[in-house]
Structures are given as structure tokens and as C-alpha cells.
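J.: Sequence first, predicted model second:
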Amino acid sequence: MFRLNLKIALRNIWKNKSTLFINVTSLALGLTGFIIILLYINKETSYDKWSPELKRVYQIGIKFKADNVDEAWQTMPYSLVKLVREKAPEIESITGAGWNGGLIKNGQDFFYDINVMQADSSFFNSFPFELIVGDVNKALHQPNTAVINKKTAMKVFGTDQVVGRTINIGKENTNTLITGVWDETMNPSHFTADVLIQLPVPTSEHWGNFTYLLYFKIKDGVDHKIALAKVNRLFLDAKARWSKKDSKSVLKPDLLTEDEANKILGEDGSSMQVIFEPVGKIHLDSQFQGKSKGATIYVLSGLGIFLLTIACINFTNLTIAHASKRATEIGVKKVLGMEKRGLVKQFLFETLLQTTFAFLVGLALVELLLPYFNSVLGTSISFMGAARLSYLLFQVLIVFVIVTLSAGLYPAVYFSGFLPAKVLKGNFERSASGALVKKVLVISQFVITCTFIICFAIMYHQLNYMKTRDLGMQKGQVLSITLQGDKLNQMPADQFEQVRQRIKNIDGITEVTRTNNDPWTGEVPTGDAQFADNKTMITDYFIDFDYFKTLGIHLKSGRDFTRQAYHADSVGNAILNEAAVKAFGLKDPIGKIYTRSGMPRKIIGVVKDFNDSGFEKEVRPMHFFISQNWTNYNNVLVRVKGDQPQQTLTELEAIWKTLEPDFPIRYKWVDESFAKTITSYSQQGQLMYIFSIATLVVALSGLFALATYNAKTRTREIAVRKVLGASTTGILRLLNKEFVMLVVIANGIAFIGAYILMNKWLSGFAYRIDMPYLTFLATAMVSISLTVLTVSYQAYRAAIMSPVNALKHN
């Protein structure tokens, strides 16, 4: 029986080669997109899930509220580590980590952008990383020792057998012994250190220094709510007592309740709330990071499912459309005694053959297209190299079964319901329910396709808006040079003037300044500031002379910092941006005095708002001042003119060797840093473009096949109409009418869905476009035009056929 069904299936498939090609191509495209997205989602959801112990590990953070500020910080005082170890038996281990820098030296070779972090000796008790080389129980127990991940070991040494070798870390050039290596691909984590060195544990108790990442593991069997409440109360009690250390008030010796501690901490109008976040959630949906990758995962999942759904709809629609060709065969088999169940199995078997072939083509396309998708998504995923290959193969098998059943089950049931008495007499009529199903499926296809097209177009408009919007600064032709040694970082103003002049003497350089902020990439310190009763959080910009001139930022009122008024400017004068003036409620700000952390500052100027961080939030209040603490300067900004910057850079590098002889110059273009901030949105736009094209191709190919079959089944009707005087135009109009109506209905539904989706997406931007309603109209016109062209091609061939020949053969 199997051999017979195989022969019948192969014969029927071969007889309809055009349908086979469209079915296999559609399914292969759908499966390719779905599997690639599945690979990406598997990778993104695997972070901090590779050990069951990680279910008991949490990161501690703080939520701070003050007036118009509501921020979550992921850093905490290290003093909490010692307190929890002493007074929280519910906690199995607690560890602290901090940032160190991004510079490694091996011999004469410098390696930048290496994420070097510090961690105490308890780190591997909370994070069960497995070392592929070295003893995890001895890691980070000695000063000037480090563990390194495999990727960095290969980059620095060319091998992962590096235990016992040394590297020099940071601008201090600390000689550090490597004691272990871990494989970051086997233990993906949000904690993205490339190198871990021993953390110098602070000896003094300080509850105002929020600079450390803290993680703790709850003991197995302990209710996590009880453990979290204990840590929360310990912190609030210690923080409240520390805030009162200089006052004469006497607090009760017992542990303060949460309400008592919050009452003390909230005396200045602010409040704190401890946050506990499971490490398994941080990578995708962190409270601390602000941006959620989880939304991207949902969007990608929807794209993959919709593309695969369209492919299955195509398969179902085309199979039902060819029902009349199989009617006699089905009638004969029923007369010969084949039951309905047998017919269903036979048609499912035919579907299985086609989906198997489509899967093989799809897997080949996956391997072929993965490099391109890796470049678009900014990741490195592979099929055969997947970390959990057996799990991936199981997922693919499940998808294979679902696709086979989804594409073939309804047609199989539909065919098995034919009545042999009618079909053997040649009295096969198109089922009303079958025609309705085809219409619903065509509408569904175009709803998804048009939604994709609209979403892509709106994303494109928003991305173009971000690229071309006036940022309030001139980012082009500006170099940001990172200061690596102490010489320029700590150089007083009068000495730096000589350096500035040396650099400006280079042909092609017009302006030079220093700052603590690397535009579009740097983290800038923020703190509380107050004028009269108006309190706000303000961002600190330590700048040097000519900062605004270098970046092309316009002075709105008042004056800039000057060398003639250096003493007064560096002691207590400041320049505000428009957002800060608004936050303080000032109408005439020049000469007014405000306080920042209790220090008075006089406003001498106001600059127009400029954006140097992103489009998700409005420009924050900023103030600018000349720093007396020269170590606050991290970057030198240089404006370059002319169309031959390479010669200018060559001369600059030569001078820089005399300024920082121990370090090669390290710079980036500010406009390139800006471009990187919108990379994720560019990736989303590219993905939407790819999937829009794919869904459109699949939908139109299905429509073409349906139009072809529709024209063939109506050959006699068209011939009769021509004999009765119908024109070719009239016949084209007749055959197009049904499909155009379906696409119009689909557009109406797509408009609603796309509006809801994109309005939600655009709401995530403080600076955004208005909803481009013309995009909806343009999408409708394009989809209808393509439908008319696709259907008309086959309709025209049917319309010009000789009615004599058509009636003779039908």
C-alpha cells in the first residue's frame, strides 16, 4: 500500500509541476525565515539559563525618586556584601563586581575594547562558570591574578592555553597572572566581561558610593520572598543609619522596619526602593538598562510565524483550487472501498513529500543566508554550531510536523468529503464553503503582507528622520580622542593651551577642546540640583575652552567661558542648556545662582538644547563648567576641515606620539558614534524590508497560481461571453474584480493592525515623526496594482483565446 501511495503521490505531484514549484518555493522561503529567527531567539533566550543554580541568583539594584526623577540604578554600595554575609543566613553567597577599563597589553601589542572587570573571590560561587583551563576554586583568590574568556585569549595570544602567562592591564600597566580560561559560548551571560581581575575590597564602610554590581544566590529551599525582604530591610536600615551619622538624633538599636527607614531616607523629598532582578531576565528585559530586547524578540517571532503562515496558506489555497482535477480519482477510490481515513492519509502523505523537499531547500538556504543575517542582526549564529543542537533539531522536527498538518490537513479532509455519485457523473461543482475558505485565505495573506509593507515604510521614515534631524550640534568632521595616560588627563589649563596650539597648527584642524564626555558613547555623571523650590537631576559636563565652538553648539544668551575670566569661571560659574533653565523655572537665568550637591554655581550663559545621547528620551537638563579637577577630562575633541583628512590624521598621530608616548593614539569620528546609536533601528528596518519582500513574493506567487487556475476553469464562460460580444477589457475587468475586492478588504484590515502596531512603536521615541497616512494609501495602491498586473497576465491570455477552440475542447 505504501508503494502504491508513493507512486500515486509522485505522479500527481509531477503532473502539477508549476503548483509544486510554487508550493515548495513558498514553504522553503517561509521555513528559511522562520528557522533563522528561531536560531536567533534560541541564542537570545539562552543567557543565564545554562545552569539550574542561576534560578536562585539575583542582581540587587535601587530605584531612586526625587521630584520629576524616577530612575533605576544597577549599582550598589559594596558595604552591603559584608552586611549580608554576616546577618542574612538565607543567602548562600553574595559577590561584588566593578568596572576596570578596556586596555590590555601583551608585549608590545595593545588591545582595546577589551571589557576588563573586577570581581571578588566569591564571584564563581554565585556565577557557576566552568573553566576549560584552570581551577575555579582558586580563581581570583590572589591579587594581580585574572581569568580570561576563550575569545580574548585567542585574540591576545592566539591560543586558549594561557594559564601561567601574564598580561599588562590598564593605563597603570599592572602585570597580571592568568589563572583560568572560560568558554563564553558555553555560558552566555549578561555579565559580559572578557577579563576578570581581583577586586580590591573596600575596607571602609560607605553607604553613599553606588558603584558596584552586586549579585547574591539564595540557599536552596529558602522562600525567595523571605530572602529578598531580609536583604531589602538590611540595606534600608544601614543606609538610613549612615545618612544620620553626623546628626545628634538617636536611632533605636534594633533593626529598623522598612517604613521607619524610608521615613528617614525621605526627609529631603526623595525615596529609595531596593530592586531584585533574577539574572535570567536581565539580558532581555532589564529594569536597569531602559531598553528591552524582549520587544525585539516578540517582533521577530511574529515576523517568522507570519511568513510561515502565508506559505502554508498558499499551499492550502492552491491545493483546494485544484480540487476538480482530483475529483474523478477520489470518486473511483471511494467506489472501490477506500474509507475517508485512507483518503486523508493519502493526501497528507502527498503534503509530507512536498514539505520534506521544502524543508531540505529551506535548510540549504539557511546555511547560505546566515552570514548575511548575521551582519544585519549584528550577531554570530549558526545551525550546526548551535550550542544546543539536539534541542534545535527537536524544535525543527516539531515545526515540520506542524507545517505538514497545517498545510495539508484541511485539503485532505476537504477532498475526502467528495460524493462519488456526483463526481463520477462529471457533476463536480465548486463548493461554496471551499470558495469562502479560499477568499479568507487570500485576504489573510494580504493582510499580513500589507501590514509588513506599512510597518517597514513607517520604520524607514522614522529612521530617516533620526538621521536628518537637527541635533543642535555639528557632529560631522569631529574626532574624539580617548586619553589613556595621566599626562594629558591631569594637565593644568595653561599647559594644555600649548598642546592645543600645537594641534591647531596642523593644516586642516580648526578647533581643539577637552571634555569628560565622549559624544554619543560616554556615560555622563548625573546628580541633584536646585534653584529656589525647583529641584531636578542634572548632567555634569566638565569641559574646556572652545567646547561649544568645536561641536557647533549655539550660545542662546550670556557668554562662553573665556581665558581672561578663567579664575572666576573655574571656581563657580556655569553654563546651562535650555532644558535646565526650564526645569529651574527661570525666565531670566543670567546671573542667577543654583546649587549642585550643595555647591553654589552662578549662571553666565545658556546654550540651545542639543542631543548627544539618543531619541528615546527628551534632552536632559545639562550644566557645563570648567573643571578644577583635571582628571575629569577623558577625551580631546578635534574639528577637522577639508576633504583630505588622512594627511591631517597622519600629522596628528605624529604629534600624539610625543604627547602620550606609552600609548598609540585611539580615536573615533563622532558622526560614526552617532550612527552606531541607531544601529538597532536600522537592523529592525532591514529585517522588516526583507520580510516584506518575502511575504509579497509568496503572496503574489500564490495569487498568480490562483489566477491561472481561475482562468482555466472559466474558459467556457469566457468563450461564451466573447461570442455574445464581450470585449477583452470587459473580461479582464471580470476576472480582476474578485481578487481586487479581496485585496481592498485586506488593506482595510491591515490599516487598523499596522496603525496600532506602529503607533505603539513610535510612542517609544521622544523625537518622532507624525503618523504618515499617505503611506497607508500608497501601500493600498501598490498592492492593488500588483494584484491587477498579476491577475491580468493570465486573464489576458484567456481573453484572447479563440472561443471556437475553447468551446471545442470544453
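T.: On my side now, so go ahead. Residues are numbered from 1 along each chain as shown.

J.: Quick check: chain neighbours aside, which residue is closest to P772?
T.: H461 (5.5 Å; CB to CB, 6 or more residues apart in numbering). All C-beta atoms are positioned from the backbone trio N, CA, C, and that covers glycine.

J.: Ignore what I typed, I meant I443.
T.: Closest to I443 by CB to CB, 6+ apart is A746, at 4.7 Å.

J.: thinking again about what came up before, give me the buried positions along the helix or strand where the residue nearest to P772 lies.
T.: H461 is located in helix 432-468, with elements delineated by DSSP states H and E. By neighbour count on 16 or more other CB atoms under 10 Å, the buried set for helix 432-468 is 434, 437-439, 441-463, 466.

J.: quick one: strands adjacent to whatever helix or strand comes next after it?
T.: As assigned by DSSP H and E, the chain's next helix or strand after helix 432-468 is strand 478-482. The pairing partners recorded for strand 478-482 under DSSP bridges are strand 635-640 (antiparallel), strand 667-669 (antiparallel).

J.: Looking at those strands, which is nearest to S380?
T.: Set against S380 and scored by CB to CB, the strands paired with strand 478-482 come closest in strand 667-669, at 23.0 Å.

J.: and the closest one, how far from the chain's centre?
T.: Centroid separation for strand 667-669 versus its chain: 24 Å, with CA atoms, centre = their mean, to the nearest Å.

J.: contact partners of it?
T.: By CB atoms under 8 Å, 6 or more residues apart in numbering, the surrounding residues in contact with strand 667-669 are V478, L479, S480, I481, T482, D518, T521.

J.: and if you look at stretch 584-595?
T.: Under CB under 8 Å, 6+ apart, the answer for stretch 584-595 is 529-532, 534, 536, 557-558, 576, 581, 600-606.

J.: Out of those, list just those in strands.
T.: 529-531, 534, 536, 557-558, 576, 600-606 (DSSP state E).

J.: and those, which are buried?
T.: A529, Q530, F531, T536, G558, L576, R601, I603, I604, G605, V606.

J.: Which of these sits closest to L365?
T.: Distances from L365 to these, taken by CB to CB, are shortest for T536, at 54.2 Å.

J.: Just confirm that closest one contacts A579, I think it does.
T.: No. Using CB atoms under 8 Å, T536 makes no contact with A579, being 9.1 Å away.

J.: Need the overlap of contacts for the two.
T.: P621.

J.: In the stretch 551-700 of the chain, mark out all the helices, start to finish.
T.: Counting by DSSP state H, counting those that start in this stretch, the stretch 551-700 of the chain has helices at residues 566-572, 578-584, 645-659, 670-677, 679-713.

J.: re earlier: now the two most distant members of the ones in strands among the contacts of stretch 584-595.
T.: Q530 and S557 (21.6 Å).

J.: what's the most distant pair in the contacts of strand 667-669?
T.: Maximum distance among the contacts of strand 667-669 (CB to CB): 14.0 Å, for V478 and T482.

J.: would M272 count as being in a strand?
T.: Yes. Counting by DSSP: H, G, I helix; E, B strand; the rest coil, M272 is located in a strand.

J.: in what helix or strand does the closest residue to L234 other than its chain neighbours lie?
T.: Nearest residue to L234, sequence neighbours excluded (CB to CB, 6+ apart): L83, at 5.6 Å. Using DSSP H and E, L83 sits within helix 79-87.

J.: Who are the packing partners of that helix?
T.: Helix 79-87 is packed against strand 91-106, strand 213-218, helix 224-243, with contacts defined by 3 or more CB pairs under 8 Å, 6 or more residues apart in numbering; DSSP states H and E.

J.: And those: which comes nearest D671?
T.: Using CB to CB, the helices and strands packed on helix 79-87 put strand 91-106 closest to D671, at 21.9 Å.

J.: List every C-alpha atom in the closest one, with coordinates, as PDB.
T.: Once non-C-alpha atoms are left out, strand 91-106 reads as follows in PDB (Å, rounded to 0.1, in the frame of the first residue of the first chain):
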ATOM      1  CA  ILE A  91      21.800  33.900  51.400                       C
ATOM      2  CA  GLU A  92      24.200  31.200  50.200                       C
ATOM      3  CA  SER A  93      26.700  33.600  48.600                       C
ATOM      4  CA  ILE A  94      27.000  37.300  47.600                       C
ATOM      5  CA  THR A  95      29.500  38.800  45.400                       C
ATOM      6  CA  GLY A  96      30.600  42.300  44.100                       C
ATOM      7  CA  ALA A  97      32.000  43.400  40.800                       C
ATOM      8  CA  GLY A  98      33.100  46.600  39.200                       C
ATOM      9  CA  TRP A  99      34.500  48.100  36.000                       C
ATOM     10  CA  ASN A 100      38.200  48.500  35.300                       C
ATOM     11  CA  GLY A 101      38.700  49.600  31.700                       C
ATOM     12  CA  GLY A 102      39.300  48.300  28.200                       C
ATOM     13  CA  LEU A 103      43.100  48.200  27.600                       C
ATOM     14  CA  ILE A 104      45.300  45.100  27.600                       C
ATOM     15  CA  LYS A 105      49.000  45.000  26.600                       C
ATOM     16  CA  ASN A 106      50.800  41.800  25.700                       C
END
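
J.: Rounded mean pLDDT for that strand, please.
T.: Taken as a whole, strand 91-106 has an average pLDDT of 86.
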